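Q: only the shape, not the letters, is given here:
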């Protein structure tokens, strides 16, 4: 299910749409840093998701939220509707 | 004689009636062997001394939720510190005199409208450098997987049932930040000293799985 490697973007958030809660600044990419390899700096953001977005009809309380830290290379602008 | 076992039905219980902990006779795991090997090599090569390693362990063991309680009490009492904490919690706690090392810290504040709770789904990220080691349950798969999906059910099991009009904000510590919940100041504590306030602040209230104690 998961390819080898050290990733810090949980599966349950992938493909979900959220809003940037705050910009945290540049941090070394853990995907290299975990192996003591030269790690380029990546911008890190706190992204806020609604429980409705994450869990759909199974959401316990749709307006509750979940914030997570996501590196820039895991984020893309939402597709225009 | 204490080591005679007359009652064999109770061989697995201590004299006080509790089960004995099973001896850990299993061989060391791969990672345990690696940790010992690297530690011994670093000492042999003079990179660190055994005394430095012991000092680090002692420093971590000396950290406790009492540190965070002082931070929370000060934020309740001093508006300027409150503002500094919300802007950069690591800087504010460092300036208060806590040795939190390189930790990045974010404070999230509970209000009448919002309740925050912290989890690390990927592992067990926790603001150890301020609060000390996390509770065992924080590292369990049940807490980690359920808190992001059904936080209200999890909080209810901790004895904290939140009204529907309160928004729950779950914070998954997925990367470089660590989180401390700034609980709401209990009513009836006007004019209290920071020491007296700090005594109301529990570990769980700074994780978000509890509330501060009510004043007696």
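A: Done, it's in. Bear in mind that the values here come from a model prediction, so they are computed numbers and not experimental data. Residues are numbered from 1 along each chain as shown, chains lettered A, B, ... in the order given.
Q: drop to CA atoms for contacts and neighbour counts, all remaining ones
A: Fine.
Q: can you give me the distance of the residue nearest in space to the middle of chain B to residue B:61?
A: Of all residues in chain B, the one closest to the mean position by C-alpha atoms, centre = their mean is residue B:134, 3.7 Å from it. According to C-alpha to C-alpha, to the nearest Å, residue B:134 stands 11 Å off from residue B:61.
Q: now do residue B:104
A: In terms of C-alpha to C-alpha, residue B:104 sits 20 Å off from residue B:61.
Q: which of those two has more neighbours?
A: residue B:104 (17 against 14; other C-alpha atoms under 10 Å in any protein chain shown).
Q: my read is that that one contacts residue B:178, right?
A: Yes. The pair residue B:104 and residue B:178 qualifies as a contact (C-alpha atoms under 8 Å) at a distance of 6.0 Å.
Q: helix, strand, or coil at the residue nearest to the centre of chain B?
A: Classification of residue B:134 by DSSP: H, G, I helix; E, B strand; the rest coil places it in coil.
Q: so what pLDDT did residue B:216 get?
A: Among the per-residue scores, residue B:216 shows a pLDDT of 85.
Q: enumerate the positions of the helix or strand of chain A with the lowest mean pLDDT that are buried.
A: Of all helical and strand segments in chain A, the minimum by mean pLDDT, DSSP states H and E falls on helix A:30-33, at a mean of 94. Going by neighbour count (16 or more other C-alpha atoms under 10 Å in any protein chain shown), the buried part of helix A:30-33 is residue A:30.
Q: what does that helix contact?
A: By C-alpha atoms under 8 Å, 6 or more residues apart in numbering or on different chains, the list of residues contacting helix A:30-33 from outside reads A:5, A:6, A:7, A:8, A:38, A:39.
Q: these also near chain B: which ones?
A: residue A:8 (C-alpha under 8 Å from any C-alpha of the partner chain).
Q: quick check: PyMOL command selecting the buried ones in the contacts of helix A:30-33.
A: In PyMOL, a selection of the buried entries from the contacts of helix A:30-33 looks like this (16+ other C-alpha under 10 Å):
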select buried, chain A and resi 7+8
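Q: secondary structure and distance to residue A:55 added to the contacts of helix A:30-33, as a markdown table?
A: As requested, the contacts of helix A:30-33 are exported to a markdown table (DSSP: H, G, I helix; E, B strand; the rest coil; distance: C-alpha to C-alpha, whole Å):
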| residue | secondary structure | distance to residue A:55 |
| --- | --- | --- |
| A:5 | coil | 26 |
| A:6 | coil | 25 |
| A:7 | coil | 22 |
| A:8 | coil | 20 |
| A:38 | coil | 37 |
| A:39 | coil | 33 |
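Q: between the contacts of helix A:30-33, which sits nearest chain B?
A: Each of these was scored against chain B by C-alpha to the nearest C-alpha, and residue A:8 proved nearest at 5.9 Å.
Q: who touches that closest one in this structure?
A: Residues near residue A:8 by C-alpha under 8 Å, 6+ apart: A:30, A:31, A:70, B:122, B:174, B:175.
Q: low-confidence ranges in the chain?
A: By default, I'm working from chain A. Residue ranges of chain A with pLDDT under 70: A:1-3, A:80-81.
Q: sorry, should have said chain B
A: Along chain B, segments meeting pLDDT under 70 span B:1-11.
Q: 80 - rerun?
A: B:1-12 (pLDDT under 80).
Q: so which bits of it are right by chain A?
A: Residues of chain B lying near chain A (C-alpha under 8 Å from any C-alpha): B:121-122, B:148-152, B:167-177.
Q: after the least confident helix or strand of chain A, which helix or strand is next?
A: For helix A:30-33, the succeeding helix or strand toward the C-terminus, using DSSP states H and E, is strand A:41-50.
Q: sheet partners, orientation included, of that next one?
A: Pairing partners of strand A:41-50, with direction, according to DSSP bridges: strand A:19-28 (antiparallel), strand A:65-71 (antiparallel).
Q: name the residues that touch the last one?
A: Spelled out, it's strand A:65-71. With C-alpha under 8 Å, 6+ apart as the contact definition, strand A:65-71 has outside contacts at A:8-9, A:21, A:29, A:42-51, B:148, B:167-177.
Q: repeat that for 7 Å
A: By C-alpha atoms under 7 Å, 6 or more residues apart in numbering or on different chains, the surrounding residues in contact with strand A:65-71 are A:9, A:42-51, B:168-175.
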